[in-house]
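Peer 1: give me a 3D structure for the following:
(chains A and B)
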Amino acid sequence: MTATLIDVPTLDFAGNLIGFPSAHRFALVRVAPDNEVLFRLTCLDIEGLEFVAAAPYPFFPGYAPEIDDATAERLELQDADDAMLLVLLTVGPDLASTTANLFAPIVVNVHTRRAAQVTLVNGGHPLKAPLTAHLDPPHRAARQAS
Amino acid sequence: MLVLSRRVGESIMIGADVVVTVLEVRPDLVRIGIKAPRDVEVHREEVFIEVQQANRSAASPSKKDVEALAAGLREEKNTKPDDAGGGAG
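Peer 2: Here you go, the predicted structure:
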């Protein structure tokens, strides 16, 4: 058997993306082949609906929200390694104006690809966090050093 | 709007499988328990509205902006010192 020719993972929302009641399934693909942190989430239920999501860790190293029991149960998460986090980006015309939604991340069960957008009501996480806020300091330091 | 009176411990059924139970009543606060199937989203209304607006503004960015974002991040990565090996850890 050969490998599947086109292997595009599909996220299957237990419910829907908040505010899009008929958006249940999204194809998850990299924005560019060499980009491991930016993804395009293309809705398979609503034509033309698309989001850009990011793996939060490179941008927000300290971001490790606790997943509530109800979500863990809905997504059948046994332990933390079962879960992958994605944050939706509001893409502006430049890097500085692009924000990430840390308040309502998407939690994915990496084994089943069941997903849910959770709201972290007690975490103090912003709805619009500048994407590159944390990238800048090392960037600047590197410039000064060279 | 349908209005029902309930005592602590009493419930309301919404459809066949959503159960809303009054758990505690204080002068300025009511605690409510909700039992719903996995595909039913339950949110505080103000939180729902806020996230709905954020999702709408995030929806379907222009192709040009997405390409610029990817290119901008590539540039950041290339000018960064070579410390990317550790990954997400």
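
Peer 1: and the residue of chain B nearest chain A?
Peer 2: Using Cβ to the nearest Cβ, the closest approach of chain B to chain A is made by B:Q52 at 3.1 Å. (Glycine included, C-beta is placed from N, CA and C.)

Peer 1: ok, and does stretch A:19-32 reach over to chain B?
Peer 2: Yes - on the criterion Cβ under 8 Å from any Cβ of the partner chain, stretch A:19-32 is in touch with chain B at A:19-20, A:31-32.

Peer 1: how about the helices in the chain?
Peer 2: With no chain named, the answer covers chain A. Remark: helices assigned in chain A by DSSP state H are A:69-74, A:136-145.

Peer 1: oops, I was thinking of chain B
Peer 2: B:45-58, B:63-79.

Peer 1: export the shortest one as PDB, just CAs?
Peer 2: This points to helix B:45-58. Extracted as PDB, the C-alpha positions of helix B:45-58 are listed here (Å, rounded to 0.1, in the frame of the first residue of the first chain):
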ATOM      1  CA  GLU B  45     -24.000  35.000  27.000                       C
ATOM      2  CA  GLU B  46     -21.600  37.900  27.300                       C
ATOM      3  CA  VAL B  47     -18.600  35.600  26.700                       C
ATOM      4  CA  PHE B  48     -20.400  34.100  23.700                       C
ATOM      5  CA  ILE B  49     -21.000  37.500  22.200                       C
ATOM      6  CA  GLU B  50     -17.400  38.600  22.700                       C
ATOM      7  CA  VAL B  51     -15.900  35.500  21.200                       C
ATOM      8  CA  GLN B  52     -18.400  35.500  18.300                       C
ATOM      9  CA  GLN B  53     -17.300  39.100  17.400                       C
ATOM     10  CA  ALA B  54     -13.600  38.100  17.700                       C
ATOM     11  CA  ASN B  55     -14.200  35.000  15.500                       C
ATOM     12  CA  ARG B  56     -16.100  37.100  12.900                       C
ATOM     13  CA  SER B  57     -13.300  39.600  12.700                       C
ATOM     14  CA  ALA B  58     -10.800  36.700  12.300                       C
END
